[in-house]
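**Student:** Just need the structure, nothing else, for what follows:
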Amino acid sequence: MQFFADLGPALFAAIQLAAMLGAAGHAMLTKSDVRSAAGWVGFILLVPVLGWLIYLLLGVNRIQRRARELRGPAMPLLNPLPKQGNNVLPMGTSDQRRELESLARFGQKVQDEEFVAGNKVTVLTNGDEAYPAMITAIDKATRSVALSTYIFNNDKAGQLFLDALSRAQARGVRLRILIDGVGSWYSHPSIIPELRKRNINYARFLHSFMLWQMPYLNMRNHQKILVVDGTEGFTGGMNIAVGNLIATKPKKPILDHHFRVEGPVVAQLMRTFAYEWTFTTGEILDGPDWFPPTIAAVAGDGLVARALPGGPDQGINPIRWTMLAALAEARETIRIVTPYFLPDSTLSTVLSMAAMRGVEVDIVLPGRSNLRFVDWAATPQLAWLIEAGCHVWKTEGPFEHSKLMMIDGIWSMVGSANWDGRSLRLNFELNLECYDTEFAKELGRLTDAKIARAVPVTRHDIMSRSLPARLRDAAIRLASPYL
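**Tutor:** Numbering: from 1, shown residues only. This next block holds a predicted model:
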């Protein structure tokens, strides 16, 4: 017994040394940022026991690993679309800068999806325009309806969609409704019992009430997709909630834009939906009901576009990297409208550098979002961006939930992703990348209207706040990767 008692301290020291060296080695091998790796190694070596324990709890990126485990090591693309053989690159016309050719070529390296011409994207403002258009499309459906949304509330807006889906089902239309597992909790009572009662084919993305499934909270399907008969699509950032029906004067109004999509790029929206549906349910959606052999191009040249899905199972998030490339290519203007603005240090640096080299940068944010702690976390870096030359605007009035990005009046990106770590690192998102001067000008006019009812934010406004407020914001900013 005395032998084991004497062995105890030595055994503990050996375990401590092995755990410390193992954790330090893991940090050096897996952290791409040198400062992060050095910080964790120093913490592990200098803080006995707690150092490596805290690293195991907080320092290991389990999100990407868990996402890859769930999706499979190399889950193949389902329903591959036929390659056109001569991929359309958005360049070469008299009103477009040929420098954007490099942006398009870069884009295809981070996401192997073709740019296709002959599309039309129509802006729909608030639920007052978007919901009737979407419901009309569902009412015209003859073969299929695929709907993916983060939030599907059981309220007046949700009932409108529920009734339209029931009418389509009565006509024999095939329905597939995908709702995020966490998003389905937003409404009380939930819409799920209503879908079940009407025998509508639905599924919930990564839904579980089990405590050991809690990591799922960090992998949400935030995509908004509606595809009807495989030929008409809708996407953007708008959920299904009564707050978007501004004309009804809801208690908590939400301003937003959604987009009706026509043309060959609709097949890419459908493929993104089919991928997530197969992952969630195991059912493969195939055949002409979901993927018609051809989708007619709109009259005229139409805009060049492609769907850009992103998620934590990808080593390189194509949405974030495309944002970075577009910011680097900008020569004249960068215009950003987003409800949540917590860009990582690389995005902030590239934005600052663009402003410093003379690009006019406008960042339009809500005066007050629905998440106060996100506003607090975003405030410190606004001062740094303003000092670099960016113009920051905060809108007055209802909460602005729009997500728009424009470069040089030619390139645009719209969709579900916000400018924060949750969208660009943790969520499954879908954006639409577009090359078209007229579409970019239309988004620019919408942005001008938002700026007209906004107030500029100055560095003095931020730095003159009380010390407790600045300390609060700086502390909450430490959690920004997860907000």
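
**Student:** name the helices or strands packed onto the helix or strand containing residue 305?
**Tutor:** In this assignment (DSSP states H and E), residue 305 forms part of strand 303-310. Applying 3 or more CB pairs under 8 Å, 6 or more residues apart in numbering; DSSP states H and E, we find strand 303-310 packed against strand 116-125, helix 266-281, helix 318-329, strand 429-435. Any C-beta I mention is one placed from the backbone N, CA and C, and that applies to glycine too.

**Student:** Kindly export the next helix or strand after the first one (C-alpha atoms) in PDB.
**Tutor:** Using DSSP H and E, the helix or strand that follows strand 116-125 in sequence is helix 126-140. What follows is helix 126-140 as a C-alpha-only set of coordinates in PDB (Å, rounded to 0.1, in the frame of the first residue of the first chain):
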ATOM      1  CA  ASN A 126     -41.200  42.700 -46.800                       C
ATOM      2  CA  GLY A 127     -43.800  40.000 -46.400                       C
ATOM      3  CA  ASP A 128     -46.400  42.200 -48.000                       C
ATOM      4  CA  GLU A 129     -44.800  41.500 -51.400                       C
ATOM      5  CA  ALA A 130     -42.900  38.300 -50.800                       C
ATOM      6  CA  TYR A 131     -45.600  36.200 -49.100                       C
ATOM      7  CA  PRO A 132     -48.300  36.800 -51.800                       C
ATOM      8  CA  ALA A 133     -45.800  36.000 -54.500                       C
ATOM      9  CA  MET A 134     -44.700  32.800 -52.800                       C
ATOM     10  CA  ILE A 135     -48.200  31.700 -52.100                       C
ATOM     11  CA  THR A 136     -49.300  32.400 -55.700                       C
ATOM     12  CA  ALA A 137     -46.400  30.200 -56.900                       C
ATOM     13  CA  ILE A 138     -47.500  27.400 -54.500                       C
ATOM     14  CA  ASP A 139     -51.100  27.700 -55.700                       C
ATOM     15  CA  LYS A 140     -49.900  27.300 -59.300                       C
END
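
**Student:** now the strands for the stretch 301-450 of the chain?
**Tutor:** Along the stretch 301-450 of the chain, counting by DSSP state E, counting those that start in this stretch, strands occupy 303-310, 333-337, 360-366, 391-395, 399-400, 404-407, 411-415, 429-435.

**Student:** meant to ask about the stretch 101-250 of the chain, not that
**Tutor:** 116-125, 144-149, 174-180, 202-205, 225-228, 232-236.

**Student:** could I get those strands as a markdown table with mean pLDDT?
**Tutor:** Below are the strands of the stretch 101-250 of the chain laid out as a markdown table (pLDDT from 0 to 100):
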| stretch | mean pLDDT |
| --- | --- |
| strand 116-125 | 95 |
| strand 144-149 | 98 |
| strand 174-180 | 96 |
| strand 202-205 | 92 |
| strand 225-228 | 98 |
| strand 232-236 | 97 |
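
**Student:** for those strands, which one sits closest to residue 10?
**Tutor:** Among those, strand 202-205 comes nearest to residue 10, with 50.3 Å by CB to CB.

**Student:** packing partners for the closest one?
**Tutor:** strand 174-180, helix 192-197, helix 266-281.

**Student:** Now tabulate those in CSV and tack on mean neighbour count and distance to residue 140.
**Tutor:** CSV is the format used below for the helices and strands packed on strand 202-205 (neighbours: other CB atoms under 10 Å; distance: least, CB to CB, whole Å):
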stretch, mean neighbour count, distance to residue 140
strand 174-180, 22, 14
helix 192-197, 14, 21
helix 266-281, 22, 15
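
**Student:** Specify the stretch among these that is closest to residue 458.
**Tutor:** strand 174-180 (38.0 Å).

**Student:** Can you list the strands that the closest one pairs with?
**Tutor:** Strand pairing for strand 174-180, using DSSP bridges, gives strand 144-149 (parallel), strand 202-205 (parallel).

**Student:** OK, contacts around residue 440?
**Tutor:** The contact partners of residue 440, by CB atoms under 8 Å, 6 or more residues apart in numbering, come to 406, 409-412, 434.

**Student:** got it, and residue 334?
**Tutor:** 327, 351, 354, 359-362, 405-407.

**Student:** same thing with residue 436?
**Tutor:** Taking CB under 8 Å, 6+ apart as the test, what residue 436 contacts is 90, 303-305, 410, 412.

**Student:** still on that earlier bit, deepest-packed of the strands paired with strand 174-180, please.
**Tutor:** strand 144-149 (a mean of 25; mean count of other CB atoms under 10 Å).

**Student:** between that strand and strand 429-435, how big is the angle?
**Tutor:** Counting by axes from the mean of the first three to the mean of the last three CA atoms, to 10 degrees, strand 144-149 lies at 110 degrees to strand 429-435.

**Student:** My read is that residue 306 contacts residue 119, right?
**Tutor:** No. Between residue 306 and residue 119 there is no contact under CB atoms under 8 Å: 9.3 Å.

**Student:** what residues are shared contacts of those two?
**Tutor:** Listed as contacting both residue 306 and residue 119 by CB under 8 Å, 6+ apart are residue 265.

**Student:** on that earlier part again, wait, which of the helices and strands packed on strand 202-205 is closest to residue 54?
**Tutor:** Taking CB to CB, strand 174-180 is the member of these nearest to residue 54, at 30.6 Å.

**Student:** Any chance you could give me the closest one in CSV, C-alpha atoms only?
**Tutor:** Extracted in CSV, the C-alpha atoms of strand 174-180 (Å, rounded to 0.1, in the frame of the first residue of the first chain):
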residue,chain,number,x,y,z
ARG,A,174,-45.6,16.5,-53.9
LEU,A,175,-44.6,18.5,-50.8
ARG,A,176,-41.3,18.5,-48.9
ILE,A,177,-41.1,21.0,-46.0
LEU,A,178,-37.8,21.4,-44.1
ILE,A,179,-37.7,23.4,-40.9
ASP,A,180,-34.7,23.9,-38.7
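
**Student:** how near is residue 202 to residue 146?
**Tutor:** The spacing between residue 202 and residue 146, counted by CB to CB, to the nearest Å, is 12 Å.

**Student:** so what sits against both of these two?
**Tutor:** Common neighbours of residue 202 and residue 146, counting by CB under 8 Å, 6+ apart, are 176, 178.

**Student:** Is it possible to get JSON lines of the contacts of residue 334 that adds neighbour count, distance to residue 256 and pLDDT?
**Tutor:** Listed next are the contacts of residue 334 as JSON lines, based on neighbours: other CB atoms under 10 Å; distance: CB to CB, whole Å; pLDDT from 0 to 100:
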{"residue": "327", "neighbour count": "21", "distance to residue 256": "24", "pLDDT": "95"}
{"residue": "351", "neighbour count": "27", "distance to residue 256": "23", "pLDDT": "96"}
{"residue": "354", "neighbour count": "24", "distance to residue 256": "27", "pLDDT": "96"}
{"residue": "359", "neighbour count": "19", "distance to residue 256": "27", "pLDDT": "96"}
{"residue": "360", "neighbour count": "14", "distance to residue 256": "25", "pLDDT": "97"}
{"residue": "361", "neighbour count": "22", "distance to residue 256": "23", "pLDDT": "97"}
{"residue": "362", "neighbour count": "20", "distance to residue 256": "19", "pLDDT": "97"}
{"residue": "405", "neighbour count": "24", "distance to residue 256": "15", "pLDDT": "97"}
{"residue": "406", "neighbour count": "27", "distance to residue 256": "17", "pLDDT": "97"}
{"residue": "407", "neighbour count": "27", "distance to residue 256": "22", "pLDDT": "95"}
